[in-house]
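**Student:** just need the structure, nothing else, for what follows:
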Amino acid sequence: MEKSQVTHRLSLSDRLQYMKHSLNKQLVEIMVKKQTCLCLAVDCTTSKLVLKLAEEAAPYVCAIKIHVDILKDFNTGFVSALTDLAKEHDFVIFEDRKFADTGSTVELQATSGLYKINCWAHLVTLHSVPGQPILDAFRRIIQKPDSVLKGCLLVSELSTKGALTDLRDYQASSLKLAEENRDVVSGFICQTRFSSDPSFLYWTPGVNLSATTDGIGQQWRTINKAIVQDGNDIIIVGRALTKSNDFRNDVIKYKEASWNALSLAEEANAFCGRDS
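**Tutor:** The predicted model follows:
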């Protein structure tokens, strides 16, 4: 059963001393410098559109999330262009692959085939279902000489109605895995922050300033709810922005609202999260 409690919330700057993961330190520095808690999810099917939106949003985000396997025209030129944008504007490239297979299979999925994800993505998502072997595999992947991959997020919750990740034991098991693999796991995909551990970053999808559902199972809530009340650090926003008729200005609006919400949460020095 879930219950709310008020838990001490350190500022991002204060949390740096607890962060062992280099990617989290990099992200916090980006967030503070750019004053943003926004990750843009660009779920488009052509490289041209992904790059167009990424270029417009780049100055205002800490990360850009893609699904490379939905691109109809993936090529190495796309990877080079996205990498150049990330270097120029200082953001993390996040491939939302949600790996969930055996260790040997995910190692091939991340390093081989058409995409060679570990050669350009800084961050990927994993399901906790396979347990320790999938984290052992990603430790090997991260250590490869040609790898730019730095860390993984465990999917501890989804924003879809009725998701089985809502089971309390699943989140507790995900947290235990993360605590035992801090060199690999940088944080979580979650709806509500379920641990007071300041060394992890808590990323949340399902955020929209003007709607609560898409009618096909996706559930949304406001930025203040996601950051102040639910205790998350980074909001992941997709269609609310990529389908906007005023994309750049709306990106700025979400960027500013996310930072204002984090500042409000830090000033209150507490978050309303789940008992861990």
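
**Student:** tell me which residues in the longest helix belonging to the chain are buried?
**Tutor:** Scanning the chain for the longest helix, with DSSP state H as the assignment, gives helix 247-268. Going by neighbour count (16 or more other C-beta atoms under 10 Å), the buried part of helix 247-268 is 247, 250-255, 257-262, 265-266. In this view, the C-beta of every residue, glycine as well, is placed from N, C-alpha and C.

**Student:** mind exporting that helix as CSV, just the C-alpha atoms?
**Tutor:** Output of helix 247-268 as CSV, limited to C-alpha atoms (Å, rounded to 0.1, in the frame of the first residue of the first chain):
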residue,chain,number,x,y,z
PHE,A,247,7.1,24.2,-30.6
ARG,A,248,10.0,26.5,-29.6
ASN,A,249,8.0,28.7,-27.3
ASP,A,250,6.3,25.8,-25.7
VAL,A,251,9.6,24.1,-25.1
ILE,A,252,10.8,27.2,-23.3
LYS,A,253,7.5,27.3,-21.3
TYR,A,254,8.1,23.7,-20.2
LYS,A,255,11.7,24.3,-19.5
GLU,A,256,11.0,27.4,-17.3
ALA,A,257,8.1,25.7,-15.5
SER,A,258,10.2,22.6,-14.7
TRP,A,259,13.0,24.7,-13.2
ASN,A,260,10.5,26.9,-11.3
ALA,A,261,8.9,23.7,-9.9
LEU,A,262,12.3,22.3,-8.8
SER,A,263,13.2,25.6,-7.2
LEU,A,264,9.9,25.6,-5.3
ALA,A,265,10.5,22.0,-4.2
GLU,A,266,14.0,22.8,-3.0
GLU,A,267,12.8,25.9,-1.2
ALA,A,268,10.2,23.9,0.6
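
**Student:** ok, and what's touching that helix?
**Tutor:** Residues outside helix 247-268 that contact it (C-beta atoms under 8 Å, 6 or more residues apart in numbering): 9, 11-12, 34-38, 40, 53, 56-57, 60-61, 209, 223-224, 226-228, 231, 233-235, 237, 240-241, 244, 271.

**Student:** hang on, the earlier thing: ok, the buried residues of helix 247-268 vs His127, which is closest?
**Tutor:** Ser258 (26.1 Å; C-beta to C-beta).

**Student:** any idea how far Thr204 is from that closest one?
**Tutor:** 11 Å (C-beta to C-beta, to the nearest Å).

**Student:** what's the answer for Phe138, then?
**Tutor:** Phe138 is 22 Å from Thr204, by C-beta to C-beta.

**Student:** swap in Cys62?
**Tutor:** 13 Å.

**Student:** okay, and the common contacts of these two?
**Tutor:** Going by C-beta under 8 Å, 6+ apart, residues that sit against Cys62 and also against Thr204 are Ile234.

**Student:** so which residue is smack in the middle of this structure?
**Tutor:** Trp203 (4.6 Å; C-alpha atoms, centre = their mean).

**Student:** what do Ser258 and Thr204 both touch?
**Tutor:** Shared contacts of Ser258 and Thr204, defined by C-beta under 8 Å, 6+ apart, comprise Ile234, Ile235.

**Student:** residue ranges in the stretch 1-150 of the chain under the pLDDT threshold?
**Tutor:** Regions of the stretch 1-150 of the chain meeting the criterion pLDDT under 70 cover residues 1-7.
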